[in-house]
Structures are given as structure tokens and as C-alpha cells.
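Engineer: sequence-free structure coming up:
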Ligand SMILES: Nc1ncnc2c1ncn2[C@@H]1O[C@H](COP(=O)(O)OP(=O)(O)OP(=O)(O)O)[C@@H](O)[C@H]1O
């Protein structure tokens, strides 16, 4: 078997120096299997010399009959290494539609996001990387997929980062380390089933490759780094053209000269929005529909549980309200209310003679909720109430945004609508203290 140039300790040290400043809270994802047991041991060995804070997190999925055994093995190891351990029980949706493995991974990533460390260390190694890239290639991936797992990346929705310091180390090198150090670990019983594609590659394909091309894992990993660099350069080109993760996509970019540039702009936008990648043929069809319709025509393309909507000369993603469940977030006078999911936040500035009169805000129940249809609001004291639907049309709030608007209610009365205003009966008089709400759709909960 070919051995990588790095021992596990050398690989860890190099990556540690590159990414982790002294004093940083580092939390190791600990399954109790070989890889993460070695990672935790390596980190524990380095923590004093390098001066970072170390903790561990075991996510208890409750799926395997041995789940409790895994958790107690983690407890024992952490006690020996004197590393504080949290065990988080998660609920894995068996019928999530994405498969059990993916659902468990999603639940695990949710637990990482809730951990209070700034760095989450994971023990993926060179064999994992080679298998991941091969699987991606077999599924017909693009450059980004071929780039495999990065050593360091942000954990979405948090200020934390995911760190994989052992990507250059083979599994057999980890095993030698574990044996030398007298470490014990638990074998995952599901690793033996070739019903999973990854296990099939590991158990049946890898030994054949190993016999013929002993450096295949390193070679694939090198290729994945080239793919990653190329993907980053292409992304930079799309950004320079004006594809921006926080903004709608300009239809103009879909009219670019070359079909490759058009496809790339739409792909980058879909990726930014977290939507699945369509086939080439479907992507071309989407581009055609979005660009060829008349400017005032309504174009709506259902895709990946959401819809791409063209509004004048831009494209947006509409994620509801069709099928979206009703939601309700109370307001008890706070300066800022996070609305959850991807609904952003509302901030209340204090003012004199503007916004909602402060005196009304102390009584009764206030809450935010979505449009349900049929809402009315009186904006001018002497005029009749108007339907929200008409008001939104007049103010030019695009279709795709209407379903996302957070409405503020006092009991059953509609008091405030972003982009529309405050109901006349609640508005501040001159010189009176008031609260001026403002919606920040992109703010994270
Ligand atoms: N139950 C768990 N609790 C905490 N961390 C875990 C757990 N399972 C796995 N990890 C962490 O994730 C790393 C990778 O494990 P594994 O390959 O099983 O997970 P994965 O996220 O599904 O990765 P892949 O994308 O390669 O399938 C482990 O080395 C460990 O650091």
C-alpha cells in the first residue's frame, strides 16, 4: 500500500498552524469510530503546546441498536483524554425522502451548527476524499463536485468553520497510529454493507485500484484540488459579471454571447440559492424561457421545491407561500425580532412622531405572521380600508416577495406591512414616542 508523505501528527500540525489561532475553541465531531478517535487523540496531544480550547461532540442518532454503546465509548475516551464531551440526541426523519444516511448527516450538521465552538473538526481522510470524488464523478458531477471536500470552509448559518485536517492521511495510516497509541474504537456495522455505493467502492473497487495504481487516492486528491481551483476561478468570473448571492439575477446575464457563459450564470445563481442542479438540457430550456418571454409576461418555472420567477428584467426564487406552513412569531417590544427560517428579522427603532405609537405596544398580544389572503388595512384615517393585495400591487412589491412579507398584528388587527406602512389608527401623533419597524429580509435568525 502506498503511504502518504504525512504521518497523522505531521498533517494535523501543518493544518493546525495554517488555520487555528491559539485560544480558539475547537470542537471535534466524535463518532467513536477509528477516524474521529484518532483525530481527538491528536488534538488532545497538541492542545497545550498550541493553546486552543478542545471539546468534543457526539451526535446520538438513535438509529443503530448499538447507539448507546457508541455514546458510552465516547464518554470513556473523553474522560481518559480529559476532554469535555457533549452528547446531543437528534431526531432523524426516517421518511425524509432523501435517504436515511443523508437525513442523519443533516441532523449532524444541525448539531454542529448549535455547538458553541468556532471550529468544528471532522476526521475525514484521504480514502474518504478519493471515494467522495469518485462517487461524484460517477454521478456526472461538475467541477465543484469534483473538488471534493475542502480542508476548511464556513458552516452555513453560523460564524463557525468546518475543519478537516486529516484529508491527506490514509485510513491505514490512521489505523497504525491508533494501534501504536493503544487506542480502541468501534466498527460501524453499516460499513460492511455493499448496498451503499460508498461501501461498494471501498470494499470492491478500491482493492482492485490499489493493486494496479498504488497512488490512486493521492492522484484523485490532486485532481480534486485542480478542479477546486478551476471552480473558484469560474465563480470569480461569474461574480465579476454580476451574479450576486444576495441579489436577484439580471436577465441580461442569461443573454450572454456564449451558451457556456449563460449556463454558468444560471448555475452559479441556482447554487447560491441552494437549489438543485438541473440537467444540461433543462438548464438550456430554463434559460430560453427566462430570456425569450416578453418583458411584461409572467414566467414561472417550478424547480427543486421552489420556483424561478421573472419579474421585469430580473429573476428571483419564490419559495412560497404555496404549501408553506403558517407561522407566528410573538413581539413583546424587543428591539429586534428574528423571524426564523429564511424570513429575516424586523428591527424597531425608537423615534418621536413616527412609526407605531409606543403607548399601544405595551398591551395585548402582538405577533408577526405571513399573508393568508384577504387582509385589509386602513392607511388613511378618513378613507376606507383597502385590500393588502391592491396595496402591494400599487407599491410594486414583486410577486415573489409578497409571500415572504412578515405582517405585524395586534390581536387580530393588521398594524404594519413592510413596504406598505402602519395602520392609521396606530400611527404616532406629532411629538409622541413611537417605534419604527424595518424588515431585513436577509438577516439570519
Ligand atoms: N455521530 C457523530 N457524532 C459526531 N461526529 C460525527 C458523528 N459521525 C461522524 N462524525 C464526524 O464526521 C466525520 C465523517 O464521518 P462520516 O464519514 O460518517 O460522515 P459524513 O458527514 O456522512 O461524511 P461523508 O460525507 O463522507 O459521508 C467523522 O470522522 C466525525 O468527525
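Structural biologist: Perfect, thanks for sending it. This one's a predicted model, so the numbers in the text were calculated from it and none came from an experiment.
Engineer: and the residue of the stretch 201-350 of the chain nearest the ligand?
Structural biologist: Taking C-beta to the nearest ligand atom, the ligand has its nearest neighbour within the stretch 201-350 of the chain at residue 202, 10.9 Å off. Glycine gets a C-beta too; all of them are placed from N, C-alpha and C.
Engineer: in which helix or strand would I find the nearest residue to that residue once chain neighbours are set aside?
Structural biologist: Take residue 202 and drop its neighbours on the chain: the residue closest to it by C-beta to C-beta, 6 or more residues apart in numbering is residue 131, 6.0 Å away. Element membership of residue 131, judged by DSSP states H and E, is helix 126-138.
Engineer: give the buried residues for that helix.
Structural biologist: Within helix 126-138, the residues scored as buried using 16 or more other C-beta atoms under 10 Å are 126, 127, 128, 129, 130, 131, 132, 133, 134, 135, 136.
Engineer: for residue 198, give its distance to residue 188.
Structural biologist: 12 Å (C-beta to C-beta, to the nearest Å).
Engineer: now swap in residue 9 and tell me
Structural biologist: Applying C-beta to C-beta, the value for residue 9 to residue 188 is 25 Å.
Engineer: rewinding a little: what sits up against the next helix or strand after the helix holding residue 131?
Structural biologist: Per DSSP H and E, the first helix or strand lying C-terminal to helix 126-138 is helix 143-146. With contact meaning C-beta atoms under 8 Å, 6 or more residues apart in numbering, helix 143-146 is reached by 133, 136, 137, 139, 223, 224, 227, 228, 230, 231, 234, 271.
Engineer: would you mind listing which of those residues are buried?
Structural biologist: Buried among those (16+ other C-beta under 10 Å): 133, 136, 223, 224, 227, 228, 231, 234, 271.
Engineer: the fourth one reaches residue 131, doesn't it?
Structural biologist: No: taking C-beta atoms under 8 Å as the definition, residue 224 is not a contact partner of residue 131, at 11.4 Å.
Engineer: and the chain, what are its domains?
Structural biologist: The chain breaks down by automatic domain parsing into domains covering 8-223, 242-318, 329-440.
Engineer: would you turn the ones you listed into TSV with mean pLDDT?
Structural biologist: Shown next, in TSV, are these (pLDDT from 0 to 100):
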stretch	mean pLDDT
domain 8-223	92
domain 242-318	87
domain 329-440	85
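Engineer: compute the number of surrounding residues for the residue of the stretch 201-350 of the chain closest to the ligand.
Structural biologist: 18 (other C-beta atoms under 10 Å).
Engineer: hang on, it packs against residue 127?
Structural biologist: Yes: if you go by C-beta under 8 Å, residue 202 and residue 127 touch, sitting 7.1 Å apart.
Engineer: need the residues touching each of the two.
Structural biologist: Common neighbours of residue 202 and residue 127 (C-beta under 8 Å, 6+ apart) do not exist.
Engineer: where's residue 277 relative to residue 263, distance?
Structural biologist: Counting by C-beta to C-beta, the separation of residue 277 from residue 263 is 11 Å.
Engineer: meant to ask about residue 126
Structural biologist: From residue 126 to residue 263 the distance is 33 Å (C-beta to C-beta).
Engineer: what is the neighbour count of the closest residue to residue 241 other than its chain neighbours?
Structural biologist: Excluding the flanking residues, the one nearest residue 241 by C-beta to C-beta, 6+ apart is residue 253, at 5.9 Å. Applying other C-beta under 10 Å, we find 22 residues neighbouring residue 253.
Engineer: do residue 103 as well
Structural biologist: Counted with other C-beta under 10 Å, the burial measure for residue 103 works out to 20 neighbours.
Engineer: any idea how far it lies from the ligand?
Structural biologist: According to C-beta to the nearest ligand atom, to the nearest Å, residue 103 and the ligand sit 11 Å apart.
Engineer: that residue is in contact with residue 91, isn't it?
Structural biologist: No: contact criterion C-beta under 8 Å: residue 103 and residue 91 do not qualify, at 9.7 Å.
Engineer: run through the neighbouring helices and strands of the longest helix along the chain.
Structural biologist: The residue-count maximum for a helix in the chain (DSSP state H) belongs to helix 216-241. Contact partners of helix 216-241 among helices and strands, from 3 or more C-beta pairs under 8 Å, 6 or more residues apart in numbering; DSSP states H and E: helix 126-138, helix 143-146, helix 259-272.
Engineer: now do the helix or strand following that helix: distance to the chain's middle.
Structural biologist: Downstream of helix 216-241, the next assigned helix or strand under DSSP H and E is strand 249-250. Offset of strand 249-250 from its chain centre (C-alpha atoms, centre = their mean, to the nearest Å): 22 Å.
Engineer: tell me which element residue 383 is part of?
Structural biologist: Applying DSSP H and E, one finds residue 383 in no helix or strand.
Engineer: what number of residues lie near it?
Structural biologist: Around residue 383 there are 9 residues (other C-beta under 10 Å).
Engineer: thought residue 71 was touching residue 58?
Structural biologist: Yes: with contacts counted by C-beta under 8 Å, residue 71 reaches residue 58, the gap being 5.8 Å.
Engineer: so those two - more neighbours on which side?
Structural biologist: A direct count of neighbours by other C-beta under 10 Å for residue 71 and residue 58 places residue 58 higher, at 25 against 18.
Engineer: which residue is the nearest non-sequential neighbour of the more buried one?
Structural biologist: Spatial nearest neighbour of residue 58, excluding adjacent residues (C-beta to C-beta, 6+ apart): residue 74 at 4.2 Å.
Engineer: for that neighbour, which residues are in contact?
Structural biologist: Contacts for residue 74 (C-beta under 8 Å, 6+ apart) come out as 30, 31, 32, 56, 58, 85, 87.
Engineer: one more time with 7 Å
Structural biologist: With contact taken as C-beta atoms under 7 Å, 6 or more residues apart in numbering, residue 74 is in contact with 30, 32, 56, 58, 85.
Engineer: distance check, it against residue 86.
Structural biologist: Residue 74 is 10 Å from residue 86, by C-beta to C-beta.
Engineer: next one: residue 127
Structural biologist: Counting by C-beta to C-beta - residue 127 and residue 86 are separated by 28 Å.
Engineer: correct me, but residue 417 touches residue 386?
Structural biologist: No: using C-beta atoms under 7 Å, residue 417 is not in contact with residue 386, being 10.9 Å away.
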